[in-house]
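Enquirer: mind looking at a prediction? Sequence and model below.
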Amino acid sequence: MCGLDMTEEMLALAMANRDRAGATNVEFLKGYIEDIPLPASSVDVIISNCVINLAIDKPRVFAEMHRVLRAGGRIGVADVVAANDLSPADRAERGSYVGCIAGALSFQEYEEGLRQAGFEEISITSTDEPMPGIFSAIVKARKRSGIRARTALSPQLPMVQKSCC
């Protein structure tokens, strides 16, 4: 397992927490989410907590996440997302009240950015609306596995319409 942060303070805190927990399979790297210091196709899962909205170059962030993920790899991101009808000026205005809002992408911009970087199976689920038009959200996406989707020759399983559980 590997963690990434750009500040010495957060890296020190993460290492102290790792040591306190007795984890031996965790390492931490200093770096930026726009320039992840890992080789291409070396990561299975990326988890991020409210960082992408702070990044200036979001297309580069999405491209870097896609670059380091292995085929079939996935992301799970908690982030701040804006309503599609809020302009960047509206977001900046709300940002003066609550931090982390001015740089938030809209739901549509977030999905388009991930799709342009090559992600698929994208879902953005609102979990809270702390102020009108601003949402806490869970973002999920997957890097294409490289395996072809079903073909006419592959068996098709029946679709379950309702579940018993």
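Expert: Structure received. Numbers count the residues shown, from 1 in each chain.
Enquirer: number of residues surrounding Thr127?
Expert: Look at Thr127: counted by other C-beta atoms under 10 Å, it has 9 neighbours. Yep, even glycine has a C-beta here, placed from its N, CA and C like the rest.
Enquirer: measure stretch 44-62 end to end?
Expert: 15 Å (C-alpha to C-alpha, to the nearest Å).
Enquirer: which residues does Ile122 contact?
Expert: Contacts for Ile122 (C-beta atoms under 8 Å, 6 or more residues apart in numbering) come out as 111, 114-115, 139-141.
Enquirer: surely Gly101 is in contact with Ala83?
Expert: Rather than Gly, residue 101 is Ile. No. Using C-beta atoms under 8 Å, Ile101 is not in contact with Ala83; the gap is 11.5 Å.
Enquirer: which one of these two has more residues nearby?
Expert: The residue with more neighbours, out of Ile101 and Ala83, is Ile101; 23 against 17, by other C-beta under 10 Å.
Enquirer: leaving out sequence neighbours, find the closest residue to that one.
Expert: Gly95 (3.9 Å; C-beta to C-beta, 6 or more residues apart in numbering).
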